[in-house]
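Visitor: all I have is the shape, not the residue letters:
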């Protein structure tokens, strides 16, 4: 890695920070502009109680002052404040708890999607237009077009209610199996199709023909030459896949009652739990920005011809 | 073909390997074997906001807290299935002693040898501390107002240095003075807000979020809490009545997805689920006749009008009091159009009871009869109008005749032609939407155009409270068995006065009358404002010491409310849940709290 690349990465990191700051600012003001508030409930609390709560959480100050205080707390102390709804718990702890599960769910789903997708895709390409290829294409078309909430519900009925072989509660032992499968099927099918077409593309290239003509072993052609080059589009898909997994996990966590961050994200908005909304948004924004950066750098690793600037 | 087979085998193998990894190395027990006798798995709701007795305001939180804490009183079930309130931490529930100034003093003695879960002694001082904490404006608990019956509450809201009139002359004696004789006092003692907490424990603001700092004094201890997953309670052997607690361990799974709950109930993992998908109700009632439960809950589902919404046609020529009298008639007439039996049986489908009054079924009158049965003036039916199936047609005709007085009616199409368009506001939910659509269609049939507008929950609350609507969906659940819990919410300054009584144009409208001279109370207002009449009436009820008169005044208050036509009750709430037939000894109270301590699971 030369200095040019290093400068590029630093520049991108700076840009990432800027992006996160914009997200923080926009979210902060939009969130306060939405009608309702964290202390509103079906049974109203008294005026004095409302004032006491607002004073306790610094919400009696002008909005811009609250914004500056919030930024200062994050930058200087990495303090995301207390949750307004779950009294006594800090936002950072709630996010930490949820992330443990969500990251595990998301990572395994991503790895599963990649591994199976690439293998199946390559396999289909090599068996082009044969029965195996056709079966794979039909199945992946089905998975690509089926939304995760339908897939989740189907798996729930089959494995939890009918066969009773897997638990339907994400907190139980083995409870992540169904959510992982549900979450990975779409990207898996997508990667399969992506790998297949890009592999076919590569297999038709001149250098592959040359290699064949030279008598290079078939395995070496596929794994040494074809595979590496056909993976570039798959890496491009890395960013969108992550975005899909992050958003998809919100739905999947709900269906299978997985104690992840997705549910916390949604409920914080319903509850107007301002510090929780900020915390989860910052966390998700950072995650997506960083992963996009990683996937951009990966291009360079796979294909040195790609210029990083 | 061989190749295809080989390929399929490979796919299956790869999938199998990865799914095995997904289990994190653990083996997967079939869900069914998780259930063992001696352990109960239930799911009420998602992660509770808090299980601090003073701060909690949710029903699921209250259920957890009643298992973990022992207040002066508790709910229990007699052998014949009837619910009663009996002494818990107190030796007995004593009678109050009236003082000269109208206040009433109660003296309780704690049972001997009561301890906290960390072994320290439970003292009367812990109750004194807990009550002052729960009532304080500083804590700003949703249920702080539950202490408004205790002498000193009003003063301490204004001046934070003041305290409630509660004291502990010695470690086992509690003396508390109430503003007046409160019929539901024992019930309050069994309410979580009145449970004791210890000063050194709650000094840590995060005490109620972690088992290691959660010190309680009830039938159970908090054994573990995996946030967003499961809360486990284990029997507290040092609880004075541990001998009658039959369930050693309870797992409260945390989920708010009704479909997920149902899946876990159907496969036998969970023995009780407290939420049921609305569209499954009809099927479940048939498939699980013994396990699908409907119990009464003291609450009313109703539609409320904004009192300041103009309903009259532009050319009516009516103003002021005359116009309001007309609007009252119109609102009441529209209330008669709706077929509540249809709503309950075909739309809501949860065993609800058609409502003909605002104060809900389940609240008792002075003589222990049902309050709602004595409401209204008719001897032929309960409440303010007849909700029987047979009466629907005559209700409908009455409504049409009334509306004809104010609007143009086209006999050919049998529709009103100049009723202004109104908008029905509801919070986003399939159930509320379905009911709204029924109301819409019932009105459309006579030419009244009602648009539907849904808002997300928090926005909805905000809009409704600020009176920025014409008609809205509403509901109210009582916190104790006393009709005042349905009435004092409608005073001018109340935070729950969604109708906007005494606000806006209605504030200066001299339209209401109140004559209490017949009850020996020197109040006689003719043509007064809402504040001069209803607010005064509620104040009189709150300080009334004669129980019979007090209940009569409460009927009078409900008459005043119903006379405005602004409240259109649709049905009385029920609590729906599923409980496995292997569970015995379970009961729930009218507030929806569920009691698992005396259950056994037989399998």
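Guide: Received, thanks. What you see is a predicted model; the values in this text were computed from it and never measured. Numbers count the residues shown, from 1 in each chain, chains lettered A, B, ... in the order given.

Visitor: quick check: closest non-adjacent residue to the residue of chain B found nearest chain A.
Guide: Distances between chain B and chain A by C-beta to the nearest C-beta are smallest at residue B:495, namely 2.6 Å. All C-beta spots, glycine's among them, are computed from the backbone N, C-alpha and C. Leaving aside its chain neighbours, residue B:495 sits nearest to residue A:44 (2.6 Å; criterion: C-beta to C-beta, 6 or more residues apart in numbering or on different chains).

Visitor: give me every residue that touches that neighbour.
Guide: Neighbouring residues of residue A:44 by C-beta atoms under 8 Å, 6 or more residues apart in numbering or on different chains: B:465, B:494-496.

Visitor: likewise residue B:75?
Guide: Residue B:75 makes contact with B:66, B:83-85, B:190, B:589, B:593, B:595, according to C-beta under 8 Å, 6+ apart.

Visitor: list the residues that contact the residue nearest to residue B:580 when sequence neighbours are not counted.
Guide: Distance criterion C-beta to C-beta, 6+ apart; nearest residue to residue B:580, sequence neighbours excluded, is residue B:271 at 4.1 Å. For residue B:271, the contacting residues are B:35, B:40-42, B:265, B:579-580, B:582-583, B:601, by C-beta under 8 Å, 6+ apart.

Visitor: ok, residue B:548 next?
Guide: Neighbouring residues of residue B:548 by C-beta under 8 Å, 6+ apart: residue B:366.

Visitor: what's the first-to-last distance across stretch B:540-551?
Guide: 11 Å (C-alpha to C-alpha, to the nearest Å).

Visitor: show me what counts as buried in it.
Guide: B:540-542, B:544, B:549-551 (16 or more other C-beta atoms under 10 Å in any protein chain shown).

Visitor: how close does the residue nearest the centre of chain A sit to residue A:278?
Guide: Nearest to the geometric centre of chain A sits residue A:246, at 2.9 Å (C-alpha atoms, centre = their mean). From residue A:246 over to residue A:278 the distance is 17 Å, taken as C-beta to C-beta, to the nearest Å.

Visitor: buried ones among the contacts of residue B:75?
Guide: Among the contacts of residue B:75, those classed as buried by neighbour count (16+ other C-beta under 10 Å) are B:66, B:85, B:190, B:589, B:593, B:595.

Visitor: surely residue B:215 meets residue B:201?
Guide: Yes. Counting by C-beta atoms under 8 Å, residue B:215 touches residue B:201, with 4.6 Å between them.

Visitor: now for those two: what residues contact both?
Guide: The contact sets of residue B:215 and residue B:201 overlap at B:116, B:207 (C-beta under 8 Å, 6+ apart).

Visitor: who are the contact partners of residue A:249?
Guide: A:102, A:105-106, A:179, A:183, A:258, A:260-262.

Visitor: okay, it: pLDDT?
Guide: Residue A:249 is assigned a predicted lDDT (pLDDT) of 87.

Visitor: helix or strand: which one has it?
Guide: In this structure, residue A:249 sits in helix A:238-255 according to DSSP states H and E.

Visitor: name the next helix or strand downstream of the longest helix belonging to chain A, please.
Guide: Taking DSSP state H as the criterion, chain A has its longest helix at helix A:91-126. Using DSSP H and E, the helix or strand that follows helix A:91-126 in sequence is helix A:131-145.

Visitor: what about that following helix, average pLDDT?
Guide: Helix A:131-145 shows a mean pLDDT of 94.

Visitor: which positions in the stretch 101-250 of chain A make contact with chain B?
Guide: Selection of the stretch 101-250 of chain A residues close to chain B by C-beta under 8 Å from any C-beta of the partner chain yields A:104, A:108, A:111-112, A:115-116, A:119-120, A:123, A:127, A:130-132, A:135, A:153, A:156-157, A:160-161, A:164-174, A:176-177, A:180-181.

Visitor: now with 7 Å?
Guide: The stretch 101-250 of chain A has residues A:108, A:112, A:115-116, A:119-120, A:123, A:131-132, A:135, A:156, A:160-161, A:164-169, A:171, A:173-174, A:176-177, A:180-181 near chain B, with proximity defined as C-beta under 7 Å from any C-beta of the partner chain.

Visitor: so which of the contacts of residue A:249 sits lowest on pLDDT?
Guide: Least confident of the contacts of residue A:249 in the model: residue A:262, at 83.

Visitor: over to that one. Which of the three states is it?
Guide: The local conformation at residue A:262, judged by DSSP: H, G, I helix; E, B strand; the rest coil, is helix.

Visitor: quick one on the thing from earlier: narrow the buried residues of stretch B:540-551 to those in strands?
Guide: Judged by DSSP state E, the buried residues of stretch B:540-551 include no members of strands.

Visitor: turn these into JSON lines, columns for distance to chain A.
Guide: Output for these, formatted as JSON lines (distance: C-beta to the nearest C-beta, whole Å):
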{"residue": "B:540", "distance to chain A": "21"}
{"residue": "B:541", "distance to chain A": "19"}
{"residue": "B:542", "distance to chain A": "16"}
{"residue": "B:544", "distance to chain A": "23"}
{"residue": "B:549", "distance to chain A": "28"}
{"residue": "B:550", "distance to chain A": "23"}
{"residue": "B:551", "distance to chain A": "24"}
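
Visitor: poorly predicted segments of the chain, please.
Guide: Answering for chain A, as no chain was given. Counting by pLDDT under 70, chain A contains low-confidence ranges at A:1, A:307-309.

Visitor: wrong chain, I was asking about chain B
Guide: In the predicted model, chain B carries pLDDT under 70 at residues B:1-37.

Visitor: what residues are up against the residue lying closest to residue B:220 once chain neighbours are set aside?
Guide: Nearest residue to residue B:220 in three dimensions, chain neighbours excluded: residue B:233, at 3.9 Å (C-beta to C-beta, 6+ apart). Residues near residue B:233 by C-beta atoms under 7 Å, 6 or more residues apart in numbering or on different chains: B:67-68, B:220-223, B:250.

Visitor: beta partners for the residue nearest to the spatial centre of chain B?
Guide: With distances taken as C-alpha atoms, centre = their mean, residue B:477 lies nearest the centre of chain B, 2.7 Å away. Listed by DSSP bridges, the beta-bridge partners for residue B:477 are residue B:299.

Visitor: check contacts around it.
Guide: By C-beta under 7 Å, 6+ apart, the contact set of residue B:477 is B:297-299, B:573.

Visitor: ranges for the helices of the stretch 201-309 of chain A?
Guide: For the stretch 201-309 of chain A, the helices defined by DSSP state H, counting those that start in this stretch occupy A:206-214, A:218-220, A:227-230, A:232-236, A:238-255, A:261-271, A:274-302.

Visitor: can you tell me the element the residue nearest to residue B:495 falls in?
Guide: Here residue A:44 is assigned to no helix or strand, by DSSP H and E.

Visitor: what do you get for residue B:125?
Guide: In the assignment (DSSP H and E), residue B:125 maps to helix B:124-135.

Visitor: can you name every helix or strand that that helix contacts?
Guide: Applying 3 or more C-beta pairs under 7 Å, 6 or more residues apart in numbering or on different chains; DSSP states H and E, one finds that helix B:124-135 contacts strand B:166-170, strand B:173-178.
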